[in-house]
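Visitor: Just need the structure, nothing else, for what follows:
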Amino acid sequence: MRDYVGAIDQGTTSSRFIVFDGEGGVVGVAQREHEQIYPGPGMVEHDPLEIWRNTRAVIIDGLAAAGISLHRLAAVGITNQRETTVLWDRHTGEPVHNALVWQDTRVNDLVAAYGRDGGKDQLRARTGLPLASYFSGLKLRWLLDHVPDARARAEAGDLLFGNIDAWLMWRLTGGPEGGLHVTDVTNASRTQLMNLATLDWDLDILRLFDIPAAVLPRIVSSSAVYAEARIPELRDIPLAGILGDQQAALFGQACLAPGDIKNTYGTGCFMLMNTGGQPVQSRSGLLTTVAHRLGEEPPVYALEGSIAVTGALVQWLRDNLGLINRSEEIEALARSVPDNGDVYFVPAFSGLYAPHWREDARGVIAGLTRFASKGHLARAALEATAFQTWDVLQAMRADSGLAVTSLRADGGMVANELLMQFQADLLGAEVVLPTVTETTALGAAYAAGLAVGFWRTPADIVANWRADRVFQPRMPVAERTRLLGRWSKAVERSFGWVEG
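Guide: Residues are numbered from 1 along each chain as shown. This next block holds a predicted model:
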């Protein structure tokens, strides 16, 4: 009996395998972290082979945790860290370089050069994205330019490119022995190489970025039976869903109607709003992206605001400053003071993403006096997440014309009650946490389950969703206005640190 669906959740810091039942409940989970590699300032890498080894291991461990055999899986979906760029040899399966992680900024010079020639928004109408170091296309260009012989091998068809979803799918389906080289529309929309209207690679952009089409995967739907797995850990199980992690969280949060909005609080923060069947071009610094495509149905689009550093700031306080021993200790330390002591932390470690898109920005701590303590620093670090989210939501309200009154929240940081209450206070809107918090993996499982008929229609997803906690705003408007004014001043201080 095939009464469960699995999801491979390959994230920025770890790989997980989660088994879900028909109501979207978690039955078993396994997780393994992988190394974060920092070769130099602004450079962040992962070892794709380590990620692959960990993926295989968590599949075994996750099935064991669920207490089921693999034959009880109806299908498996994949969700992944987006924009992280892998280039590998199709004959050996060996990456030609470590993966360039979405946070990596080594392509800033390329971004600046293209920006001087045509402006930062020259590709926005076709791709929904501004020129930025964030996206995969220029990372691929960097690899082709800097890895010896890579360009010649790519043009000869010997190298393959993909975000992590394509790397895993190719490996799961045989690798050098006939592995399937595909990526779904959500991941393709994050390369800055796909045309939002045609849902295909844009040949003009490929020429502009000097990227050979031979390295690119085939673009497929987010929910379809692509192939059966060929590795022993998942032998013959249908691989039937792929969603980039933030689109997966939107799907797992049952944000299936235009205007539905969610924010995922993880290493970074990612807010997405479902905008329906038409892409909405942002005038406020947001991204236009594909939310999902089910089978042969028309695509659904979303507006997205991406924040680079939120949970990563807590890790920085732990690992770099030794302010806490475990990430979970941040809330108690922040609660040791009644407010932020007029301290504001702008974590622009690699520039600022939405809605500012300032690659010249760098992190600042503003408002320090002799009164400031480690408690104030901890509180300012937590509040930075909420302030940055407010910036993005304001942009989303402006672009959509909607008065957002409710935000569905997920991700590791939602366990922090101080942060969630402060978030509701700043937004002047309720913040709602779902009963099932593994929304990213759940979205991938839903996509796979729909493809094989495990769930019949998207209405089943909406029926499964349940609220667990609701945080209502209670901060006086005058206090909110004062805090936001100080935050805006601190953000301005971060601009222009790196001179172009």
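
Visitor: and I8, which of the three is it?
Guide: The assignment at I8 comes out as strand when based on DSSP: H, G, I helix; E, B strand; the rest coil.

Visitor: Quick one, grab the pLDDT at it.
Guide: According to the predicted model, the pLDDT of I8 comes to 98.

Visitor: Bridged to the nearest residue to it once chain neighbours are set aside, which residues?
Guide: Computed as CB to CB, 6 or more residues apart in numbering, the closest residue to I8 that is not its neighbour in sequence is I78, at 4.8 Å. Using the backbone N, CA and C atoms, a C-beta is placed for each residue, glycine as well. The residues listed as beta-bridge partners of I78 by DSSP bridges are I8, I242.

Visitor: Q315 sits in which helix or strand?
Guide: Secondary structure assigned from DSSP states H and E places Q315 in helix 311-319.

Visitor: Send me the very next helix or strand once past that helix as CSV with only the CA atoms.
Guide: Counting by DSSP H and E, the next helix or strand C-terminal to helix 311-319 is helix 330-335. Extracted C-alpha coordinates of helix 330-335, given in CSV (Å, rounded to 0.1, in the frame of the first residue of the first chain):
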residue,chain,number,x,y,z
ILE,A,330,19.0,34.4,21.5
GLU,A,331,15.4,34.9,22.7
ALA,A,332,16.2,34.7,26.4
LEU,A,333,19.1,37.1,25.9
ALA,A,334,16.9,39.5,24.0
ARG,A,335,14.2,39.3,26.7
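
Visitor: Show the secondary-structure elements that the next helix or strand after helix 330-335 is packed against.
Guide: Scanning forward in sequence from helix 330-335 by DSSP H and E, the next helix or strand is strand 344-346. If you count contacts as 3 or more CB pairs under 8 Å, 6 or more residues apart in numbering; DSSP states H and E, strand 344-346 packs onto strand 364-366, helix 374-400, helix 477-494.

Visitor: name the helices or strands packed onto the helix or strand of the chain with the lowest mean pLDDT?
Guide: Least confident helix or strand of the chain, by mean pLDDT, DSSP states H and E, is helix 108-118 with a mean of 90. The contact analysis (3+ CB pairs under 8 Å, 6+ apart) places helix 108-118 against helix 136-146.

Visitor: and E492, how many neighbours?
Guide: Number of residues near E492 (other CB atoms under 10 Å) recorded here: 14.

Visitor: do the same with L484
Guide: Counted with other CB under 10 Å, the neighbours of L484 add up to 15.

Visitor: coming back round to it: I figured the residue nearest to I8 hits S15, correct?
Guide: No. Using CB atoms under 8 Å, I78 makes no contact with S15, being 10.8 Å away.

Visitor: neighbour count winner among these two?
Guide: I78 (30 against 27).

Visitor: where's that one relative to E359, distance?
Guide: Per CB to CB, to the nearest Å, I78 is found 30 Å from E359.

Visitor: Stretch 451-463: how far from the chain's middle?
Guide: Taking CA atoms, centre = their mean, to the nearest Å, one finds stretch 451-463 lying 24 Å from the centre of the chain it belongs to.

Visitor: So for it, what gets flagged as buried?
Guide: Neighbour counts using 16 or more other CB atoms under 10 Å place A451, V452, F454, W455, P458, D460, I461 of stretch 451-463 among the buried residues.

Visitor: Which of the residues you listed sits closest to G62?
Guide: Within the buried residues of stretch 451-463, distances to G62 taken as CB to CB reach their minimum at F454, with 17.4 Å.

Visitor: That closest one: what's it in contact with?
Guide: Under the criterion of CB atoms under 8 Å, 6 or more residues apart in numbering, the contact list for F454 reads R2, V5, G22, A74, A75, A448.

Visitor: Let's verify the second one: helix, strand, or coil?
Guide: What three-state DSSP gives for V5 is strand.

Visitor: just the last one next, same as before
Guide: Taking three-state DSSP as the rule, one finds A448 in the helix state.

Visitor: how close does it get to C255?
Guide: The spacing between A448 and C255, counted by CB to CB, is 18 Å.

Visitor: between the two, who's got more neighbours?
Guide: Regarding A448 and C255, a neighbour count based on other CB under 10 Å identifies A448 as having more, with 34 against 24.

Visitor: Would you confirm that that one contacts P238?
Guide: Yes. Between A448 and P238 there is a contact at 7.4 Å, judged by CB under 8 Å.

Visitor: Which neighbours do the two have in common?
Guide: Here A448 and P238 have A74, A75, V76 as joint contacts, going by CB under 8 Å, 6+ apart.

Visitor: ok, back up a step: quick check, nearest of the buried residues of stretch 451-463 to F422?
Guide: The shortest approach to F422 among these belongs to I461, at 30.1 Å (CB to CB).

Visitor: Need the CA coordinates for the stretch of helix or strand the closest one belongs to. PDB is fine.
Guide: Using DSSP H and E, the secondary-structure element containing I461 is helix 458-464. What follows is helix 458-464, C-alpha atoms only, in PDB (Å, rounded to 0.1, in the frame of the first residue of the first chain):
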ATOM      1  CA  PRO A 458      -5.400  21.600  -4.800                       C
ATOM      2  CA  ALA A 459      -8.600  21.900  -2.800                       C
ATOM      3  CA  ASP A 460      -7.300  19.000  -0.700                       C
ATOM      4  CA  ILE A 461      -4.200  21.100   0.200                       C
ATOM      5  CA  VAL A 462      -6.400  24.000   1.300                       C
ATOM      6  CA  ALA A 463      -8.500  21.500   3.400                       C
ATOM      7  CA  ASN A 464      -5.300  20.200   5.100                       C
END
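
Visitor: follow-up on the earlier one: now the contacts of F454: which count as buried?
Guide: If we count by 16+ other CB under 10 Å, the contacts of F454 have these buried: V5, A74, A75, A448.
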